[in-house]
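>>> Sequence first, predicted model second:
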Amino acid sequence: MPGTVLLLAAAPLGRNRLVDAGGVLPVLAAVAPAVLSGTDTANIVELADPVQPQAVLTRLRAAAAAPGPLTVYLTGQLHLDRRQHQPHLALARTTPATLRYTALPWQWIREELRLRSAADTALVVDLHADAEAWRYIGERGLDCGPHTAVYGRVAPPAGRRGLAEPAYMKTVATLLRSGHRPRLDILHGQALARITEETHGNLLLAHTGGPMTGAPVVGGLVAGSPVTGGPVPGVPVAGSPVPGVPLAGGPVAGVTTADGSVAGVPAQGGPPGDGPLRTAPAPHVPAPAGPAPVPTGTPADAPTPGPRTPEPAGAPAAGPRTPEPPALAAGPRTAESRASAPGPRTSESPAPAAGPRTPEFRAPAPGPRAVGEDPHALVSAAVRGGRHGEADGIAARHEEEAVRAHGAASEQALHWREVRADLAMFAGDPVASCRAWLAVAEDRLAAGQAADAPAVESAVDRAHHQWARIEDTARARELGPALAELRHRVPGRRHGALEDIRRQLVRLEAAR
């Protein structure tokens, strides 16, 4: 099956630039697509210094929805927004004052990859953090989700040494230019062995993905602590496995509790799924079966269904992944297929979706569940096989278990409600999906979560997105007032969302 590769290099223009991120793309572009992907053929999407976070989200969503293995090579710099203190990937027009609106929230990356399997999803990162982001990562880590293999490094601020070089990613690209792609854990070790000095004091990431247990360790060091000398974690030793990388069936290196973090524990003040790399273990938050809740939060521009009047650019829609967006549309994928990066243009919002349609998934039906098997993998396999009722049944059983074990308002129970809302979307039922997301948002607000909390904003955005896809005008009129009332309390990041709902309601009333 063809693979998909997303090459993303982003950094602000001007004096806010910490790293020459774009300098790595020519080296990566010289690598054969099949080698970048590790498959016989691959589709390559290349984004060089993109401007709009929505445009990046569109390409990421398309790549995540494509069947087959996905590898994301990401080079850039991390900053914290001043309002919610969450990590963001800076883009070309990002400044400290506009970061919340011009940078890509790291949570969006985590969210778009959350329904994929770690067996065919990988992030290779070379990131540089500013002082605030470096402190944040040292305390809480970088949460990439439970179902994504992650390899790479996060470097601290370079100080007055000038523009930093993406040495890790350039080394990875140089190794791949040999025409052979080893396992990513081995590739990671080989790259670190060549740049020991450059990675001194960096946070090294080596996580194989999947359900996670064990102490937070990266190459023998506590995950989240800088490398200060000695042997390089992850460097292979002759006749032995890569240090810090687990043997088959062994504990996962660089990870922690089953809460879905890259290598850490639940973050203070956040849901269990928000706990990434830390310098020391913290109390484990139990989950019903498999990884603990995965928070959502991915606002995007809402596509307009069928006969509905097109929505303004300000209308959010953080909902489903579009099955066949322009960058990865249907048709044979070839090894040399590349998509140009978005540049400064008048609009980089996603193209409208062609109505509710189930994404093209290809996977065999799951067999009997093994002990300790991740239920999310079973759900994903059922969806890919078109067995939507079976998928919802699995999620419903785990929701009931979570309610019994942790309570109806627990993050564990809310997580499974969110999964069921997504499953309704995959089944092509925007009415059920909209209702479910409205209920999740109300439950989170009733539990005392703030209106600007990422999980609350995400639930409302997704409800808005699904409502925009309802073609039955009577059902749309029925759900519209509840959505408008909720949107009044949770305006979200994009201006004009409430006004858009009101305009749509007026049109729906006029169509009676």
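Nice, thanks for sending it over. None of the values given here were measured: they were computed from a predicted structure.

>>> contacts and neighbour counts: CA atoms only from here.
Will do.

>>> And the next helix or strand past the lengthiest strand in the chain?
Longest strand in the chain, counting residues (DSSP state E): strand 70-80. Going down the chain from strand 70-80, the next helix or strand is strand 87-89, by DSSP states H and E.

>>> who does that next one touch, helix- and strand-wise?
strand 70-80, strand 104-105, helix 106-112 (3 or more CA pairs under 8 Å, 6 or more residues apart in numbering; DSSP states H and E).

>>> returning to that earlier point: okay, now the sheet partners of the longest strand of the chain, with direction.
Strand 70-80 pairs in its sheet with strand 3-9 (parallel), strand 87-89 (antiparallel), strand 121-129 (parallel), by DSSP bridges.

>>> what about residue 84, how many neighbours?
The local packing of residue 84 (other CA atoms under 10 Å) involves 11 other residues.

>>> I misspoke; the intended subject was residue 1.
Residue 1 - counted by other CA under 10 Å - has 12 other residues nearby.

>>> swap in residue 397?
With other CA under 10 Å as criterion, residue 397 counts 12.

>>> For the host helix or strand of it, which helices and strands make contact with it?
Counting by DSSP H and E, the element that carries residue 397 is helix 388-406. With contacts defined as 3+ CA pairs under 8 Å, 6+ apart, the packing partners of helix 388-406 are helix 375-384, helix 411-426.

>>> circling back: mind putting the strands paired with strand 70-80 in TSV, distance to residue 169 and mean neighbour count included?
As requested, the strands paired with strand 70-80 are arranged in TSV below (distance: least, CA to CA, whole Å; neighbours: other CA atoms under 10 Å):
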stretch	distance to residue 169	mean neighbour count
strand 3-9	10	26
strand 87-89	16	25
strand 121-129	6	24
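
>>> mind listing the strands in this structure by residue range?
Counting by DSSP E, the strands of the chain are 3-9, 42-48, 70-80, 87-89, 104-105, 121-129, 149-155, 203-207, 217-218, 221-222, 337-339.

>>> The nearest residue to residue 476 once chain neighbours are set aside and residue 478, how far apart?
Leaving out its chain neighbours, the residue that sits closest to residue 476 by CA to CA, 6 or more residues apart in numbering is residue 470, at 6.0 Å. Relative to residue 478, residue 470 is positioned 11 Å away (CA to CA, to the nearest Å).

>>> Looking at these two, which is more packed in?
residue 470 (25 against 11).

>>> Make sure that one is actually in contact with residue 430.
Yes - using CA atoms under 8 Å, residue 470 makes contact with residue 430 at a distance of 5.8 Å.

>>> Now do the shared contacts for those two.
Common neighbours of residue 470 and residue 430, counting by CA atoms under 8 Å, 6 or more residues apart in numbering, are absent.

>>> just to revisit the earlier point, report the buried residues of the helix holding residue 397.
388, 391-392, 394-396, 398-403, 406 (16 or more other CA atoms under 10 Å).

>>> Same list (those) but as a markdown table, adding pLDDT.
Below are the buried residues of helix 388-406 laid out as a markdown table (pLDDT from 0 to 100):
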| residue | pLDDT |
| --- | --- |
| 388 | 92 |
| 391 | 91 |
| 392 | 94 |
| 394 | 93 |
| 395 | 93 |
| 396 | 94 |
| 398 | 93 |
| 399 | 94 |
| 400 | 94 |
| 401 | 94 |
| 402 | 92 |
| 403 | 93 |
| 406 | 91 |
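
>>> What is the most widely separated pair among those residues?
388 and 406 (26.3 Å; CA to CA).

>>> same question for stretch 459-478, mean pLDDT?
Mean pLDDT, stretch 459-478: 91.

>>> distance between the ends of that stretch?
Note: stretch 459-478 ends 19 Å apart using CA to CA.

>>> buried sites along it?
459-471, 476-477.

>>> Just the closest of these to residue 69, please.
residue 462 (26.1 Å).

>>> tell me the pLDDT at the closest residue to residue 99 other than its chain neighbours?
Nearest non-adjacent residue to residue 99, counting by CA to CA, 6+ apart: residue 81, 6.1 Å away. Residue 81 is assigned a pLDDT of 88 by the prediction.

>>> so how many other residues sit close to residue 81?
20.

>>> distance of it from residue 19?
19 Å.

>>> Then residue 4?
With CA to CA as the criterion, residue 4 and residue 19 are 26 Å apart.

>>> Okay, now the unreliable bits of the stretch 251-400 of the chain?
251-373 (pLDDT under 70).

>>> Tell me who's in contact with the closest residue to residue 19 other than its chain neighbours.
Leaving out its chain neighbours, the residue that sits closest to residue 19 by CA to CA, 6+ apart is residue 164, at 4.5 Å. Counting by CA under 8 Å, 6+ apart, residue 164 touches 18, 19, 20, 158.
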